[in-house]
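[1] I would like the atomic coordinates for the input below:
(one chain, ligands or ions: 1)
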Amino acid sequence: MCGIVAYIGNRPVVDILTDGLRRLEYRGYDSAGVALVGKNSLRLLRSVGKVKNLVDKINKDWPDHASICGAGIAHTRWATHGAPVEKNAHPHTDEKKNFAVVHNGIIENYAPLRENLIKKGHVFTSETDTEVIPHLIEECFEGDFIKAVTAALKQLDGTFGITVISPLFPDTMIVARRGSPIVIGVCENEAIVASDVSAIIAYTKQVIYLNDNDIAVVKADSIDLRNIDNVPVSREISHINWDTGAAEKGGYEHFMLKEIFEQPQAVANTLRGRLDENDATAVLNGLNLTPREIASVSRITIAACGTSLNAGMLGDYLFEDLADLPTEYEQAAEFRYRNPIIQPGSLIIAISQSGETADTLAAVREAKNKGASVVAICNVVGSTIARESGAGIYLHAGPEIGVASTKAFSCQVAALLMMALKFGRARRLSRQEGLDIIHELKRLPELIQEVLKTSRHIEKVAKKYSRAENFFFIGRGYMYPAALEGALKLKEISYVHAEGYHAAELKHGPIALLEEKVPVLALANDIPGKDKIIGNIQECRARKSPVIAISTTGDGEIKNHANDVIEVPRASIFLTPVLSVIAMQLLSYYVAKERGCSIDQPRNLAKSVTVE
Ligand code: M6R
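    Residues are numbered from 1 along each chain as shown. Purely as a prediction, here's the structure:
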């Protein structure tokens, strides 16, 4: 995820900026850059790869850097628009180099803005959405820095956390936010700004968090806050009492927990700008498929591994239900060793958070060799699978650092539902059915928030069962892939043997293992199939297994059947698996914590499996 650091004051600015960038490295990034302003001068350096590469470049190109004080901005970029190459790294400037900008977030209307600015003579040098910002500021500039920034920001749709500097105003930085966090560290005769407190707390623990549409005019000795309509606002100074390590994790004990709690925002990022209520469909330009091509798809195969495969199984149900398309899911590791039947009309969907998983990549290559159309659903922009597939959907979930995949799953399902909606609308779904799905997707971040609010209760349930050595997770229909994902989460981080099973399959063998020491987690949400799962719960209870049921808020009936109940909000059958998986992510997290496991880096596991 992109990171911003900016400084104004009388200390050597480059050291402070590069130190801040290093502290943001944990967020994941692919390139970095820095810009400094002096009176009528702007220096800019950018490089691909680690902050160390940028520091090497600074040492070579700016041998005097240790003596430069004043204002500067720096950035670590995690590519969204445009490949991770130097020209796309931030800071970006207008062609006159009057304004330099670092930006986190996504400018949704950048394409028409860019087109318009080009018509007015602006020359663009990158593929980024960000570059429209300095050009717009320059276009609006009539001598007043703040007015120009404000006028430019008013034209932006989407999200931003930005810092702007100008050689015309070397004693001023302008900082603003809408949707992407920005924090200002309050110090004496200097100020440090960042997208995340971890870059600030080595300098000060007094910070101001900007609200959406706040603009701050920051000088070494003053911070002047206003809103986008130029009305003065005041914001509290907060005291941070985290140490540096905790700050990287946003105050959470583990990356996994942080990423679980990031899901409302991550899903909102996946959905942003992609839901079109006018046509009641999803806007997924990256698929590179015309409506005619979509209508001519006759069969879909989804290939993936691990959590991505579990999301893919849900995709299977979604494409069949919403688009009437024969769909199958396939372990990516098997794909090329079978004889995958590729016919005209075959579409392969490869799902991978990292975009580097060897088996999924091999499936993509095999499918392409056989002449299939391939689209990828990836989180990491510019990853090998994304590049080689050549078409797809990026999740924009931000980096996932914990080895256990959490937020990627929810975003993958959201992406698959959008894709199934688009295919469904091109084939059979009515406008009203399309709108219903859109409205439900729009509610998803808030529904996830409701699940997260129950974390204390889930922690209590986890503590109660944390000594069990064997677990079953059961579900039916859409809740079957959710059961598999719940079991995967528990086993990988807590080392408890957990099996995900179709509830109806239990009695074909595994029921022999049930006894009082083997708890069963049953996905008993109030959706079609609930009555049958209640029957399966009875079968488990009859074998003395304690049952934890995940059910729908307010569904009193389940309490009569289960030993413990975790409730998730009522939602459609398409999104109920996501909400239940999030409850199971929390359950697994707290079981692992209770057992003293290494949660972010479980034994024997790697975040990205790049070998067969
Ligand atoms: O990066 P990918 O989505 O391709 O990774 C696939 C699996 O390796 C991954 O989901 C793995 O199963 C996780 N540890 C699950 O939490």
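[2] so where's the stretch 201-350 of the chain uncertain?
    The stretch 201-350 of the chain contains residues with pLDDT under 70 at 241-247.
[3] then the stretch 501-612 of the chain?
    610-612.
[4] go again using 90 as the cut-off
    Applying pLDDT under 90 to the stretch 501-612 of the chain flags the ranges 556, 600-612.
[5] quick one: the helices in it?
    For the stretch 501-612 of the chain, helices defined by DSSP state H, counting those that start in this stretch occupy the ranges 530-542, 576-594.
[6] mind telling me what element Glu446 is part of?
    Using DSSP states H and E, Glu446 sits within helix 431-452.
[7] so what touches that helix?
    Residues outside helix 431-452 that contact it (CB atoms under 8 Å, 6 or more residues apart in numbering): 260-261, 263-265, 267-268, 271, 275-277, 279-282, 322, 410, 414, 417-418, 421, 424-425, 429, 553, 568-569, 571-572, 574-575, 578-579, 582-583, 586. The way it works is simple: take the backbone N, C-alpha and C, and place the C-beta from them, glycine included.
[8] quick check: buried residues in that helix?
    Residues 434-438, 441, 444-445, 447-448, 450-452 are the ones in helix 431-452 that count as buried (16 or more other CB atoms under 10 Å).
[9] in space, what's closest to Ala151 - neighbours in sequence excluded?
    Closest residue to Ala151 apart from its sequence neighbours, by CB to CB, 6 or more residues apart in numbering: Cys140 at 3.9 Å.
[10] alpha carbons only: can I get the helix holding Glu446 in CSV?
    Presented in CSV, the C-alpha positions along helix 431-452 are these (Å, rounded to 0.1, in the frame of the first residue of the first chain):
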residue,chain,number,x,y,z
ARG,A,431,-32.3,-4.9,-14.5
GLN,A,432,-34.0,-5.2,-11.1
GLU,A,433,-32.0,-8.4,-10.3
GLY,A,434,-28.8,-6.5,-11.2
LEU,A,435,-29.8,-3.5,-9.0
ASP,A,436,-30.5,-5.8,-6.1
ILE,A,437,-27.0,-7.2,-6.3
ILE,A,438,-25.5,-3.8,-6.6
HIS,A,439,-27.4,-2.6,-3.5
GLU,A,440,-26.2,-5.6,-1.6
LEU,A,441,-22.6,-5.2,-2.6
LYS,A,442,-22.7,-1.5,-1.6
ARG,A,443,-23.8,-2.6,1.9
LEU,A,444,-21.0,-5.2,2.2
PRO,A,445,-18.5,-2.9,4.0
GLU,A,446,-21.0,-2.0,6.6
LEU,A,447,-22.2,-5.6,7.0
ILE,A,448,-18.5,-6.6,7.6
GLN,A,449,-18.2,-3.9,10.2
GLU,A,450,-21.2,-5.5,12.1
VAL,A,451,-19.3,-8.8,12.2
LEU,A,452,-16.2,-7.2,13.4
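[11] as a whole number, average confidence for that helix?
    For helix 431-452, the mean per-residue pLDDT is 98.
[12] buried ones among the contacts of helix 431-452?
    Using 16+ other CB under 10 Å, the buried ones in the contacts of helix 431-452 are 260-261, 263-265, 267-268, 271, 275, 280-282, 322, 410, 414, 417-418, 421, 424-425, 429, 568-569, 571, 574-575, 578-579, 582-583, 586.
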